[in-house]
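# From the sequence below, what's the structure:
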Amino acid sequence: MKTALITGANKSIGFETAKVLLKNGYYVYLGSRDLQRGQQAVDTLKAEGLTAVEVLQIDVADEQSVQQAKENLSQKTQSLDVLINNAGILGSYDQKASDVSLATVREVYDTNFFGVIQVTQAFLPLVQKSDQGVIVNVTSGLGSLTLHSDPNWKHYHV
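Residues are numbered from 1 along each chain as shown. Now for the predicted structure:
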């Protein structure tokens, strides 16, 4: 059975991705910063008959949490076929360069940028042990350089 880890999978796109993978025969490690919310998501999936799933607590912006998650997963599986870096935050809004707090910028970058690197580096050895390991990085339109350079985009002037 192929295995997948999805960060930020207790809701939204990550949760729906977990459903799709489960329906396609994957065993899914549902990554969630909040263990209780992650377990609720797992319980919802299991109630729908999608049982090859378990929660893995991971806060992508916290190095200790990422290392603990790697250790926990390494005890459960020898390889990881798919790593989906999905966890992300918006931060407070508007984030005008003239007055956004540095704390907000740091929090967003720690999660959305450095978190992806940290998780990828931690789980890469497991992905490399897969016959066809894949890493997928998910982003929203706010991460699009194309949209940010389009004066007609609704957030261009923000």
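
# Can you list the buried residues in stretch 8-20?
Buried residues in stretch 8-20, defined by neighbour count with 16 or more other CB atoms under 10 Å: 8-10, 14-15, 17-19. Backbone N, C-alpha and C define where each C-beta goes, glycine included.

# Give me the distance from it to the chain's centre.
From the chain centre to the centre of stretch 8-20 is a distance of 9 Å (CA atoms, centre = their mean, to the nearest Å).

# in the chain, what spans have low per-residue confidence?
In the prediction, the chain carries residues with pLDDT under 70 at positions 93, 141-143, 158.

# Helices of that one, residue ranges please.
The residue ranges that make up the helices of the chain, judged by DSSP state H, are 12-23, 35-47, 63-74, 102-109, 115-128, 145-148.

# Restrict the shortest one to CA atoms and write it as PDB.
C-alpha atoms of helix 145-148 as PDB (Å, rounded to 0.1, in the frame of the first residue of the first chain):
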ATOM      1  CA  LEU A 145       4.300  35.500  -9.000                       C
ATOM      2  CA  THR A 146       2.200  35.700 -12.200                       C
ATOM      3  CA  LEU A 147      -0.900  37.000 -10.300                       C
ATOM      4  CA  HIS A 148       1.300  39.400  -8.200                       C
END
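
# I'd like to know which elements it is packed against.
When contacts are defined as 3 or more CB pairs under 8 Å, 6 or more residues apart in numbering; DSSP states H and E, helix 145-148 sits against none of the other helices and strands.

# Now do that helix: distance to the chain's middle.
Between the centre of helix 145-148 and the centre of its host chain there is 22 Å, according to CA atoms, centre = their mean.

# what's the answer for stretch 123-134, then?
Averaged over its C-alpha atoms, stretch 123-134 has a centre that lies 17 Å from its chain's centre (CA atoms, centre = their mean).

# buried residues in it?
Neighbour-count burial for stretch 123-134, with 16+ other CB under 10 Å as criterion, is recorded at 123, 126-127, 130, 133.

# Between which two of those is the distance greatest?
The distance between the two most remote of these (CB to CB) is 10.8 Å, for 123 and 130.

# Give me the common contacts of these two.
Common contacts of residue 123 and residue 130 (CB atoms under 8 Å, 6 or more residues apart in numbering): residue 80.
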